[in-house]
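>>> This is the structure alone, sequence omitted:
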């Protein structure tokens, strides 16, 4: 699933120690990384925040800010990396699922005026995916009549384990494939680059709508994988719409 960056929602009232957001929505996204077939996924959304240093949300996970120097923040993150279902697409048929994985990592953010630079790294620690993915993003944020608009580019790097899990083909997978794949060893490197847009529109004091859109381009061994070059697409698009109620 493409990463989500849902804003906290519209400001309202005095600042509180605890903030709760509950809602849901859905994503229109490729059925696997590199696919050219799309599906709609209904998803819940919740976010719990304590002051400015602790948040727990779906899908971002747990985020603990250990260093807060105003414009610079850094800390630890933990979450869940969702599974890949081989039944979603004939390109993966016969391979077995990639189980979800617990992940642990770190983040650092720097804010300069309306620009925010973010670096985040997450290491899979369980299941079939023990790979590392790191993402660098730059966002420009503006407020127009209460609506928050955030847009900017990002680039993702992965290690060999991550690349092989999602884009490689082992000899047993090649033998089980319905499409006659040959084994393919995928090495780490720059996985993709792209641009994302988030728009948060308040609906009164508590409700808000969040729309997201992103387009990215797979590159390197990810783009050359037979499940991308032969059966899928290097260009990946995600669209989403969520509604949330802030307590």
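Good, I have the coordinates. This is a predicted model, so every value here is computed, not measured.
>>> from memory residue 44 sits against residue 58, does it?
Yes. Contact criterion CB atoms under 8 Å: residue 44 and residue 58 qualify, at 6.1 Å. (C-beta placed from N, C-alpha, C; glycine too.)
>>> Give me the sheet partners of whichever strand in the chain runs longest and which way each runs.
The longest strand of the chain (DSSP state E) is strand 189-203. Next to strand 189-203 in the sheet, as set by DSSP bridges, lie strand 147-158 (antiparallel), strand 207-218 (antiparallel).
>>> now that strand: how far from the chain's centre is it?
9 Å (CA atoms, centre = their mean, to the nearest Å).
>>> what's the model's confidence in that strand, averaged?
The average pLDDT within strand 189-203 is 97.
>>> And it, what's buried?
The neighbour-count check on strand 189-203 (16 or more other CB atoms under 10 Å) flags 191, 192, 194, 196, 198, 199, 200, 201, 202 as buried.
>>> Residue 44 and residue 58: which has the busier surroundings?
residue 58 (15 against 11; other CB atoms under 10 Å).
>>> residues touching the more buried one, list them.
43, 44, 45, 46, 47 (CB atoms under 8 Å, 6 or more residues apart in numbering).
>>> where do the strands sit along the chain?
According to DSSP E, the chain carries its strands in the segments 18-30, 38-50, 54-58, 61-68, 72-81, 101-112, 115-124, 132-144, 147-158, 189-203, 207-218, 235-246.
>>> Residue 224 is nearest to which of those?
strand 207-218 (9.0 Å; CB to CB).
>>> Give the buried residues for the closest one.
For strand 207-218, by 16+ other CB under 10 Å, it's 208, 209, 210, 212, 213, 214, 216, 218.
>>> Closest to residue 242 out of the buried residues of strand 189-203?
residue 200 (9.5 Å).
>>> which regions of the protein sit below the pLDDT cut-off?
Segments of the chain classed as low confidence (criterion: pLDDT under 70) are 1-15.
>>> Report the angle between the longest strand of the chain and strand 132-144.
Put simply, strand 189-203 runs at 30 degrees to strand 132-144, going by axes from the mean of the first three to the mean of the last three CA atoms, to 10 degrees.
>>> re the thing from before, export the buried residues of strand 207-218 as CSV, with columns for distance to residue 153.
As requested, the buried residues of strand 207-218 are exported to CSV (distance: CB to CB, whole Å):
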residue, distance to residue 153
208, 25
209, 24
210, 20
212, 15
213, 14
214, 10
216, 10
218, 15
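>>> Quick one: the strands paired with strand 189-203 as TSV, columns for distance to residue 113 too.
TSV is the format used below for the strands paired with strand 189-203 (distance: least, CB to CB, whole Å):
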stretch	distance to residue 113
strand 147-158	14
strand 207-218	23
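>>> Indicate which one of those is closest to residue 180.
Ranked by CB to CB, the member of the strands paired with strand 189-203 that lies closest to residue 180 is strand 207-218, at 22.1 Å.
>>> contacting residues around that closest one?
Against strand 207-218 from outside (CB under 8 Å, 6+ apart): 2, 4-7, 9-10, 25, 33-34, 154, 191-203, 223, 228, 234-246.
>>> now swap in stretch 24-38 and tell me
With CB under 8 Å, 6+ apart, stretch 24-38 has contacts from 1-2, 4, 39-45, 84, 88-89, 91-92, 166-167, 210, 218, 222-223, 225, 227-228, 231-234, 236-243.
>>> Report all helices and strands that the longest helix along the chain contacts.
In the chain, with assignment by DSSP state H, the single longest helix is helix 160-167. On a contact count with 3 or more CB pairs under 8 Å, 6 or more residues apart in numbering; DSSP states H and E, helix 160-167 meets strand 132-144, strand 189-203, helix 220-224.
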